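In: sequence and predicted model, in that order:
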Amino acid sequence: MVQGLPSPPPGETTYRGYERTQTGHSPTQSGTEDRELTHVGPGTPCGEYLRRFWHPVTLSSQLNDLPLAIRILGENLVTFRDLAGNVGVLHRQCSHRRTSLEYGVIAEHGIRCCYHGWLYDVDGTILETPGEPEDSPIRHSLCHGAYPAREYKGIVFAYMGPPELKPEFPIYDTFELPDDEMIPYLLDMPCNWLQVTENPMDPFHSVFLHTRISRAHFDVSWGAMPIVEWHQMPDKTGIYLTSARRWNDYVWIRTNELAVPNFTQPPDIFQNPDRDKFFTRVGNSKWHLPVDDTNTQIIGWRHFNDTIDLAGKGRRDAVGVGSYDAVGRVKRTYEEQQRVPGDYEAQVGQDTIAVHKLEHLGKTDTGVAMLRQLLRRAIRNVKKGVEPPKPLKNTDGYIPTMAGDVIINVPQTNRTDEEVRSDLGRRIGAIVLDSMPLAHGERQAEIERRVRNEILA
Amino acid sequence: MVQGLPSPPPGETTYRGYERTQTGHSPTQSGTEDRELTHVGPGTPCGEYLRRFWHPVTLSSQLNDLPLAIRILGENLVTFRDLAGNVGVLHRQCSHRRTSLEYGVIAEHGIRCCYHGWLYDVDGTILETPGEPEDSPIRHSLCHGAYPAREYKGIVFAYMGPPELKPEFPIYDTFELPDDEMIPYLLDMPCNWLQVTENPMDPFHSVFLHTRISRAHFDVSWGAMPIVEWHQMPDKTGIYLTSARRWNDYVWIRTNELAVPNFTQPPDIFQNPDRDKFFTRVGNSKWHLPVDDTNTQIIGWRHFNDTIDLAGKGRRDAVGVGSYDAVGRVKRTYEEQQRVPGDYEAQVGQDTIAVHKLEHLGKTDTGVAMLRQLLRRAIRNVKKGVEPPKPLKNTDGYIPTMAGDVIINVPQTNRTDEEVRSDLGRRIGAIVLDSMPLAHGERQAEIERRVRNEILA
Amino acid sequence: MVQGLPSPPPGETTYRGYERTQTGHSPTQSGTEDRELTHVGPGTPCGEYLRRFWHPVTLSSQLNDLPLAIRILGENLVTFRDLAGNVGVLHRQCSHRRTSLEYGVIAEHGIRCCYHGWLYDVDGTILETPGEPEDSPIRHSLCHGAYPAREYKGIVFAYMGPPELKPEFPIYDTFELPDDEMIPYLLDMPCNWLQVTENPMDPFHSVFLHTRISRAHFDVSWGAMPIVEWHQMPDKTGIYLTSARRWNDYVWIRTNELAVPNFTQPPDIFQNPDRDKFFTRVGNSKWHLPVDDTNTQIIGWRHFNDTIDLAGKGRRDAVGVGSYDAVGRVKRTYEEQQRVPGDYEAQVGQDTIAVHKLEHLGKTDTGVAMLRQLLRRAIRNVKKGVEPPKPLKNTDGYIPTMAGDVIINVPQTNRTDEEVRSDLGRRIGAIVLDSMPLAHGERQAEIERRVRNEILA
């Protein structure tokens, strides 16, 4: 599967920079990005699709006694927690004379514009227009742009779509685990949301970017080449994949998914495949928030608990606003970027908005291609009035997810190891999928039982 | 009077951010500003209108032994004082090969380009083209772009319109008061000139922005809600307004005007209405200079004398280039901006160029609406060849102005105070207006005489 | 020869700024630059013409163990020296997923992308796609954009045009002089390449900018007004000029050329015409590299040897990346720029892209006008398929150049000195031209012999 512009004719294939530039492989940003998948502002096809979901907009820790200017899906907004404790997410500019509410004063209920004191409740109701006559009809004939907000475990979420289509707030199974500490974080990525979101669909970059290229960012076992398969989720809410690696006497099956449009949960990045493990869960739950067409924020939680990161490499104190406990996630000095490139450099380095038609995708990019196809279909569906499917729930009432690691002792045999891993990846992926309806704990037990009986026995 | 896009239908009026964004109330700059009133470059309707007036371009203190690059009405210029003492305001780029004259050398007469030594007099005459043959006709067949300049009390003014329409340099009555110290100042506002200029037409912002919102920027009496009336000046050179406030046993009538396009004089901002006063004059005379479509400079004088600021709150040493002796007039740290917003935040916060059609004007915005109407009419008149009216003069030969405070002891009675203040505002405003032809001193005496006879008697 | 827009009518010629702005002499950048001569990106007429020549792209000293992001002729590129010592100049973005190769890892042969490890040889051959299956056809069906590179005396050159039209790498006679130390340097000029390149066609700026305006940048003798003549090179590869100055009892004939598009060699800037000299050669050999439409780099060598700079004013340690041993070649503080303007201020001060139609050229600009005409013809020729002429070679096998100084003792006589200098300039210029085929040394001897016999005898 090779995509892109025509290849050079057979024969001379050296020093063809001039020809490739002439045929449109310009080394400069051509502005010919795939707008349907990358533009997120009001009224754009992708923007409308994205407005069918709850998105994180900041961390609770960022809401203090001053309003916070934010930009989400290309809209300038202001968020705050009023004195009664309610969180507002409002259009940033005052409905009266358009002064920015980032200079407003937080009130008992809502926020007051600094210029003439108009007071807006968190739902957009205009509570006061104090300079106007007492009987002024203005405040009853208008409302201010407001979006429903919800705080959950230290993150502020908002829904910016049509009110009548507002989905239930999504609580995934990994958000309510026992003895799990979740630390919110927020990272800036000055590039389009899609290239950030494609990254988890591509487990091969872990082999190169994270392990073989400069130095092992996590554990050397990441350098083992996986056998990967991608599948659509049965409820059509995303794509899951299985990566099967060999590490000494162990086979390590990682399952993971991307819940469209932009939620993903890498399992334990500090995983060390040195003993049997049965579906240890995630180290990180995160959304890739489109700030606008050329900026993205990664907002989510790092998980700390006794089932992951057994070597204790994670650092709670390094996780927060603009910081993370793994290399290459935030902007560093240019020399550091060059010496040890990470996700930041690989993704931001694809250009402000990556131009797909100048790529040449290979077999390893199957997940990237699937994701684009799924998103394009969903975007066109919304345009036609077909709303995105709702996710299923497990017996706990949470949305079940695929992300986790199963590690089993399977020494190498005469059979080719690719076949072994391919077979194990498929069978264990199916077991993990089958067990989705079960509550946490029960699910781990069921996965262990079936793996022992059906595979290790 | 509610303007703007259609209001929501009655019924549900909460969380309508999505709908308001869809119907054009986009929280992002839409580029749909009112170009007729806001664009100031050469050849634009508003730019041509503005070019019918003298404008301040810098302070005398800024002219030293090096030329000064300035930008006025969207034109790149250079200004300097030559060794003979004449001030030049020239097109910035050399007529020969377009090198910037900001790198030129100031000469006995005019300025010499650094590249090939062409010498330009302050009136644009090309005095020398020293590399060219002695008999070269170039310098006689060309002139360099130059504008008439005038220095007055520490400010450099220029006239950038058609020479045959050059108006007399305007000297207002407040510029030649006895025992008055005038300190020039210059402040940057990174936004369109119109939103800066609308501000003085809106005395209600003093109640909120300057007093009730964060803390009293001046005196707490500013927090009293005024009764306001707006009127066109009889000579059609602007709008004046009266604001009538109650403060304890006193009624405080402030009169003020905006001489179109951009001259205004706030009376004493440190006014304290605690005794009878009869037309104390201004604390500040200023122009809102359009640098270009998205930048404005406030250039003017702070007045220091014994009739205003009786409590001595003003500070001469804080007034100058980029500084002022009241809070919120210059850029501060973002936290200071948020904690104590002032004129800078309110006006710059309206966006680079405020979008009028997304506003919702109320009764308090009557002056703003009147100003826009008057400017639009004047701009269209100039386009049709009808020049702006000339201002009248008083018996001193100066242009009389309305700005001042009258404060009288009128204890509250049974009559509703709104009626009292409305009546006093109108009658005292009429007296101030009637007295315009009189010389300073005489005018104060006449105002006191009539107020005592007609109102207090 | 006065060019540009109509001149003012006779009569009033003062304070005509308004009229000149209205008639298009806008003091603001009008975007109406001469695109045919100034735009350099892929596919533009001038860009295609420029792609027929070798250009310097960086200094060898800049190639270390990390790749270097560069921008040349509007293309984003990366350059590096691989571990085998070969220099690559590649399209910056990876052919696979478009990650920037500035974050790549330099390999034994070529450079490896950080994201998925694709390995590119310096000629664009894709050596490895390590995540793809072993039998993947991708790497054979594609190549990466690459340009031929060559290192020469500390400068890296590349050829970015059609491979079949690649010219021989140009070695000029001044590059292989005996006992000559050549120190590479690189300076940034944030403006269009053409205004930088016009500068050496205009020896009059030396009189003003470099000597009379602020202070003598080099030697006071530069302030003497020269008699100048410009000629096309016989092989049509550029323009040469002769400047004849009187200095006490000496006449100083400087010859110099511009080899189109962008190579020029100022003879000794510290020349002091106080004794007979016969064709001392250059102090500086340099190209004006178009980075993109609005940025230029000057890349070249300063020469240090016993035949030039006899007073030892040059400083080897001041020559390098971003520094030079003469005033006004790099960005300084704004006050320094204003007090002692140099080439940087004069050329960058012409605007990002100088607008020719607002200039008024004089006799002193004859060379500038000739250069534009020659470039325009060459650009149109390339568009028609007529390739630029190839330069001739001397008996050493190098491309002979005109740049040098001849200084002879010719006391002033009754004859007008203009006539004397005009005559000497023409005759000595002809001798220098005639001697081009001779090898260095022989040529000096021949010039001295003929000057002594034909002129001094």
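Out: Yep, it's here. Numbers count the residues shown, from 1 in each chain, chains lettered A, B, ... in the order given.
In: ok, what's across the strand from whatever residue of the stretch 251-400 of chain A ends up closest to chain B?
Out: Among all residues of the stretch 251-400 of chain A, A:D292 sits closest to chain B, at 8.6 Å; criterion: Cβ to the nearest Cβ. Every C-beta, even on glycine, is put in place using the N, C-alpha and C of the backbone. Taking DSSP bridges, one finds A:N295 as the beta-bridge partners of A:D292.
In: again with the one 10 residues further on
Out: Note on A:R302: beta-bridge partners A:I183, A:N284, judged by DSSP bridges.
In: what sits up against stretch A:228-241?
Out: The contact list for stretch A:228-241, computed with Cβ atoms under 8 Å, 6 or more residues apart in numbering or on different chains, reads A:201, A:203-204, A:242-244, A:255-260, A:263, A:364, A:366-367, A:370-371, A:374, A:388-392, A:402, A:422, A:425-426, A:429, A:433.
In: and A:E446, its phi and psi?
Out: phi -60, psi -40 (degrees, to the nearest 10).
In: neighbours around it, how many?
Out: Counted with other Cβ atoms under 10 Å in any protein chain shown, residues neighbouring A:E446 total 18.
In: find the nearest non-adjacent residue to it, please.
Out: The shortest distance from A:E446 to any residue that is not its chain neighbour, by Cβ to Cβ, 6 or more residues apart in numbering or on different chains, is 4.8 Å, and that residue is A:S435.
In: hang on, A:P203 packs against A:S243?
Out: Yes: with contact taken as Cβ atoms under 8 Å, A:P203 and A:S243 are classed as touching, separated by 4.5 Å.
In: overlap of the contact sets of these two?
Out: Residues within reach of A:P203 and of A:S243 at once, by Cβ under 8 Å, 6+ apart, are A:226, A:228, A:254, A:256.
In: mind listing the residues bridging to the last one?
Out: This means A:N256. On the basis of DSSP bridges, A:N256 is bridged to A:L241.
In: please enumerate the helices of the stretch 351-457 of chain A.
Out: Counting by DSSP state H, counting those that start in this stretch, the segments of the stretch 351-457 of chain A that form helices are A:366-384, A:417-434, A:442-450.
In: cool, the stretch 101-250 of chain A as well?
Out: With DSSP H, counting those that start in this stretch as the criterion, the stretch 101-250 of chain A has helices spanning A:138-141, A:193-198, A:204-207.
In: ChimeraX command to pick out the buried ones of the contacts of stretch A:228-241?
Out: Those of the contacts of stretch A:228-241 that count as buried under 16 or more other Cβ atoms under 10 Å in any protein chain shown are selected in ChimeraX with:
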select /A:201,203,204,242,243,244,255,256,257,258,259,260,263,364,366,367,370,371,374,388,391,402,422,425,429,433
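In: quick one: contacts for A:D417?
Out: If a contact means Cβ under 8 Å, 6+ apart, then A:D417 has A:R246 as its contacts.
In: now swap in A:T44 and tell me
Out: A:T44 sits next to A:R35 when contact means Cβ under 8 Å, 6+ apart.
In: and A:C113, its phi and psi?
Out: A:C113 has phi and psi values of phi -70, psi 140 when expressed as degrees, to the nearest 10.
In: who touches it in this structure?
Out: The contact partners of A:C113, taken as Cβ under 8 Å, 6+ apart, are A:94, A:96, A:99, A:101, A:104, A:119-120.
In: repeat that with 10 Å
Out: By Cβ atoms under 10 Å, 6 or more residues apart in numbering or on different chains, the contact set of A:C113 is A:93-101, A:103-105, A:119-120, A:129, A:144, B:208-209, B:213, B:341, B:346, B:349.
In: do the same with A:H440
Out: Applying Cβ under 10 Å, 6+ apart to A:H440 gives the contacts A:173-174, A:176-178, A:180, A:279, A:281, A:394-396, A:398, A:400.
In: would you turn those into CSV with distance to A:A439, pLDDT and neighbour count?
Out: Shown next, in CSV, are those (distance: Cβ to Cβ, whole Å; pLDDT from 0 to 100; neighbours: other Cβ atoms under 10 Å in any protein chain shown):
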residue, distance to A:A439, pLDDT, neighbour count
A:D173, 8, 97, 23
A:T174, 13, 98, 23
A:E176, 10, 97, 14
A:L177, 11, 96, 17
A:P178, 11, 94, 7
A:D180, 15, 97, 18
A:F279, 13, 97, 26
A:R281, 13, 97, 23
A:N394, 6, 97, 19
A:T395, 5, 96, 12
A:D396, 4, 95, 17
A:Y398, 9, 98, 19
A:P400, 9, 97, 23
